Structures are given as structure tokens and as C-alpha cells.
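Engineer: model this:
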Amino acid sequence: MSYRYVTKFALNAMPLTQAEVQKNLHRLAPSSRERAEQLYDIERQATARFSGQIDELEAAIGMLHLGDHIGWKPLVLIHNKRTIRKYEEILGIQIRDFFPEEGPSAERSLGYKIATKIGNFWKAVSGDIKSDELKAQRREIA
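Structural biologist: Here you go, the predicted model:
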């Protein structure tokens with residue numbers, strides 16, 4: 001059994017406790033009416049302009065709604081440069097300008113926690129630092 005399989009199985013098999021859910025709720029980015037309207041307008045415009053595979057639009061909209069919570073640094077760790085550029089084009093935004101560097105829920109990104117412990121975030125993003133743990137948990141959230 002591979003390390004990745006064990007990690008994924010262990011994380012998926014253990015639901016969050018009510019206390020962990022409450023803690024996560026308190027860590028979510030605060031939302032204002034103006035920000036909600038801004039996100040909604042971007043989503044509507046992107047949907048109206050979009051032509052292509054619907055799963056790409058869906059994923060871009062998902063990134064739009066998670067960005068305030070986790071920040072752009074975890075996003076660039078989760079997605080490769082080409083995917084980020086594609087989603088930015090779909091949404092009509094630049095994630096580094098639109099989202100905080102690190103959102104209030106950034107620490108829930110296991111890959112981001114590992115990358116910051118390694119010490120050189122950009123080397124972790126580029127793959128210059130080889131870490132089996134980072135590779136296995138790059139897209140996991142706790």
C-alpha cells in the first residue's frame with residue numbers, strides 16, 4: 001500500500017468533529033455585501049463569456065469562492081501555472097491582485113503547511129524541493 005493511499009484513506013475516513021467544524025467556521029474569511037456582490041458579478045460575467053468544457057468553468061468558479069478563505073499562495077501550490085492562468089482568464093481576474101496572499105484558512109491546506117515548514121515556498125511550488133509528503137498532500141485540506 002502506497003503512502004499516498006494511506007494518507008488519503010486516513011484523512012477521508014475521519015470526519016471532522018463538531019468542534020473542528022465550529023473552529024473552521026470561525027476561521028473563514030469575513031464576507032461583506034460588497035465582496036459577495038463582487039464575487040457574484042465575476043461569476044455571472046465569466047459564465048456569460050464562457051465557451052468550452054463546463055468542468056473548467058466550474059473549477060474556476062470554485063477557485064473564485066475559495067480564494068478569500070485560503071489565499072493565493074495555497075492556490076498556486078494546489079494548481080500548476082497553466083491552470084491558474086486558464087482560471088484567471090475565465091474569471092477575468094489576477095489572483096495575486098484579487099485575493100490575499102494567505103487567507104484565514106490557509107493553514108488548513110496541508111500542502112501549504114508543509115511548504116512553509118520547508119522554508120522556501122517558491123521552490124516547493126516549482127517542484128525544486130522534492131518532498132514525498134508535500135507531493136502526497138499538496139491538495140488536501142483538514
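Engineer: Show me where this structure has its helices.
Structural biologist: Secondary structure of the chain, counting by DSSP state H: helices at 3-13, 18-27, 33-49, 54-70, 72-78, 81-91, 95-98, 110-118, 121-126, 132-137.
Engineer: Name the stretch among the ones you listed that sits most buried.
Structural biologist: The highest average neighbour count among the helices of the chain, using mean count of other Cβ atoms under 10 Å, belongs to helix 72-78 at a mean of 22. Heads up, the C-betas are built off the backbone N, CA and C, glycines and all.
Engineer: can you list the residues that contact that helix?
Structural biologist: Helix 72-78 has contacts (Cβ atoms under 8 Å, 6 or more residues apart in numbering) with 63, 66-67, 84, 95-96, 98-103, 106, 109, 111-112, 115, 121, 124-125, 138-139.
Engineer: Apply 6 Å and report the result again.
Structural biologist: 95, 96, 99, 101, 102, 106, 109, 111, 112, 115, 125, 139 (Cβ atoms under 6 Å, 6 or more residues apart in numbering).
Engineer: any chance of these in TSV, plus pLDDT and distance to residue 40?
Structural biologist: TSV is the format used below for those (pLDDT from 0 to 100; distance: Cβ to Cβ, whole Å):
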residue	pLDDT	distance to residue 40
95	97	18
96	97	22
99	97	16
101	95	24
102	95	24
106	93	24
109	87	25
111	83	29
112	86	27
115	83	31
125	74	30
139	66	26
